[in-house]
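Undergrad: Need a 3D model of the sequence below.
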Amino acid sequence: MSKLGLAAVLALILGFCAAGAKAQEVNVEFNDWTLSGNDLLHACSVFVRVMDSNAPRSVPPGDGYEFGLCQGYVGGIATAISARGYLNFSSDPPTLEQLVRVVLKYLNGHPEKLNEIGFVLVNNALMAAFPDSGLAHRQGAAK
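TA: Numbering: from 1, shown residues only. As a prediction, this is how the structure comes out:
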């Protein structure tokens, strides 16, 4: 399995962990496969730069890894927390590009958190940007 594929699978798995810990403090240690906020800031900056270019469907050589890493990581975590009911985009789902831009804005706005674990930051960014999108969905399911 390629590094990109492995990163996407790990992002999905870690996203489920992050989604289940919404109201709890997440205590996770860094290791070889953990991405930090700094890693995501770099990767997602590349993603946005490519999307803003005149040829967004043509990823320049050398940017493919970061482009795919950001895309897979953010998309995997968004899918995981959406599947758990913490985000509900059924009426007007954002594009993956919009989700990446939300995460990038959060990372740029919280430089003091860039040393923290990436999946927690993605979760926090999406929950802050869409605070009520899953709340009604989860409450309706509990009735």
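
Undergrad: For the protein, which segments are assigned as helices?
TA: All helices of the chain, identified by DSSP state H, fall at 3-20, 37-52, 64-83, 96-109, 118-129, 135-142.

Undergrad: Need the mean per-residue confidence for the last one.
TA: With pLDDT averaged residue by residue, helix 135-142 scores 48.

Undergrad: hang on, Asp63 packs against Val50?
TA: Yes - look at Asp63 against Val50 with C-beta atoms under 8 Å: they come within range, at 6.1 Å. C-beta here means a position set from N, CA and C on the backbone, and glycine is covered the same way.

Undergrad: Any chance of a markdown table for the helices of the chain, columns distance to Phe89 and mean neighbour count?
TA: As requested, these are exported to a markdown table (distance: least, C-beta to C-beta, whole Å; neighbours: other C-beta atoms under 10 Å):
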| stretch | distance to Phe89 | mean neighbour count |
| --- | --- | --- |
| helix 3-20 | 14 | 18 |
| helix 37-52 | 19 | 20 |
| helix 64-83 | 6 | 22 |
| helix 96-109 | 9 | 19 |
| helix 118-129 | 10 | 23 |
| helix 135-142 | 10 | 11 |
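
Undergrad: what residues are up against the closest residue to Ala125 other than its chain neighbours?
TA: In space, and not counting its chain neighbours, Ala125 is closest to Tyr106: 3.4 Å by C-beta to C-beta, 6 or more residues apart in numbering. By C-beta atoms under 8 Å, 6 or more residues apart in numbering, Tyr106 lies in contact with Leu121, Asn124, Ala125, Ala128, Ala129.

Undergrad: Could you check how far the first one is from Leu87?
TA: Looking back up the chat, that one is Leu121. With distances taken as C-beta to C-beta, to the nearest Å, Leu121 is found 15 Å from Leu87.
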